[in-house]
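Student: give me a model of this one.
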Amino acid sequence: MNTYARIVENKIVAIIRGAHPSDVIQIIHALRDGGIHVVEITMNSPKVLSVLEAATDTFGDQVVIGAGTVLDAETARAAILAGAKFILSPTTDEETIKMTKRYGIISIPGALTPTEILRAYEYGGDIIKVFPATLGPRYIKDLRGPLPQIPLLPTGGIDLDNIAQFIEAGAVGCGIGSSLVNPRQEINEESLKAITSKAKQFVSAVNHIHR
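Tutor: Numbers count the residues shown, from 1 in each chain. Have a look, this model is predicted:
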């Protein structure tokens, strides 16, 4: 199964931002044990290229590892060479999308308005990150009316209370950050178990949706 299909099938992209490099592998293990198999490591995290390499080497095909908060083409290329299978951005940058597609990697640029979303898709974005998703599930449903051909991945402000509504509204998946992995929390056996438990709850929430 290719990267795009795995993102759409799993519906959850877990975001790891700012974690200590020595903790990232443990966090991904905890997420995987909870049933989450798509993980984004943000590029504004410490020693991120070596972390990406270690993560992709450790998990291989078990977990799809991508890079997030990618703001330019040079960063995209570095992340791809380190093993990233998708490139996710908070904004739309045409050169970043071109670089990503040049390497045959899934591009997920960020946009908010209908005009921005269509432009990002026309530039070559495979999935468009709707960011921030604070306008709610109704906004996703409204976007799907005139733009049904564009896969949308709302991110920002999504938690257990609203993820099902976003998927029901037509999102192909959701990016989940601090409500799943809190970067300020100390990583130990107890917190890792909590991440696995929370991951299971998110997976259960999306698996019980009938669309």
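Student: for the chain, which segments count as helices?
Tutor: With DSSP state H as the criterion, the chain has helices at 3-10, 21-33, 48-59, 73-81, 94-102, 114-123, 137-144, 163-168, 189-207.
Student: how about the last one: buried residues?
Tutor: So that's helix 189-207. Buried residues in helix 189-207, counted by 16 or more other CB atoms under 10 Å: 191-192, 195-196, 198-199, 202-203, 205-206. Bear in mind the C-beta positions are built from the backbone N, C-alpha and C, glycine included.
Student: would you check how far apart the nearest residue to Pro132 once chain neighbours are set aside and Gly175 are?
Tutor: Using CB to CB, 6 or more residues apart in numbering and skipping the chain neighbours, the partner closest in space to Pro132 is Gly156 (3.5 Å). Applying CB to CB, to the nearest Å, the value for Gly156 to Gly175 is 7 Å.
Student: shared neighbours of these two, which are they?
Tutor: Taking CB atoms under 8 Å, 6 or more residues apart in numbering as the contact rule, Gly156 and Gly175 both touch Phe131.
Student: same drill for these two, tell me which one is more crowded.
Tutor: Taking other CB atoms under 10 Å, Gly156 and Gly175 do not tie; Gly175 has more neighbours (25 against 19).
Student: hmm, Pro109 and Lys98 touching each other?
Tutor: No - if you go by CB atoms under 8 Å, Lys98 and Pro109 don't touch, sitting 11.1 Å apart.
Student: more neighbours, the two?
Tutor: A side-by-side neighbour count of Lys98 and Pro109, using other CB under 10 Å, places Pro109 first with 29 against 14.
Student: touching, the more buried one and Asp93? I think so.
Tutor: Yes - using CB under 8 Å, Pro109 is in contact with Asp93, at 7.0 Å.
Student: can you list contacts of stretch 183-198?
Tutor: Here stretch 183-198 makes contact (CB under 8 Å, 6+ apart) with 16-20, 23, 26-27, 29-31, 33-34, 160, 179-181.
Student: switch the cut-off to 7 Å
Tutor: 17-19, 23, 26-27, 30-31, 33-34, 180-181 (CB atoms under 7 Å, 6 or more residues apart in numbering).
Student: cool, and stretch 59-76?
Tutor: With CB under 7 Å, 6+ apart as the test, stretch 59-76 has contacts from 3, 6-7, 15, 28, 32, 37-44, 52, 55-56, 79, 83-90, 93, 95-96, 98-100.
Student: returning to that earlier point: could I get the contacts of stretch 183-198 as JSON lines with distance to Gly104?
Tutor: Shown next, in JSON lines, are these (distance: CB to CB, whole Å):
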{"residue": "Arg17", "distance to Gly104": "26"}
{"residue": "Gly18", "distance to Gly104": "29"}
{"residue": "Ala19", "distance to Gly104": "28"}
{"residue": "Asp23", "distance to Gly104": "30"}
{"residue": "Gln26", "distance to Gly104": "30"}
{"residue": "Ile27", "distance to Gly104": "27"}
{"residue": "Ala30", "distance to Gly104": "30"}
{"residue": "Leu31", "distance to Gly104": "25"}
{"residue": "Asp33", "distance to Gly104": "30"}
{"residue": "Gly34", "distance to Gly104": "30"}
{"residue": "Leu180", "distance to Gly104": "29"}
{"residue": "Val181", "distance to Gly104": "28"}
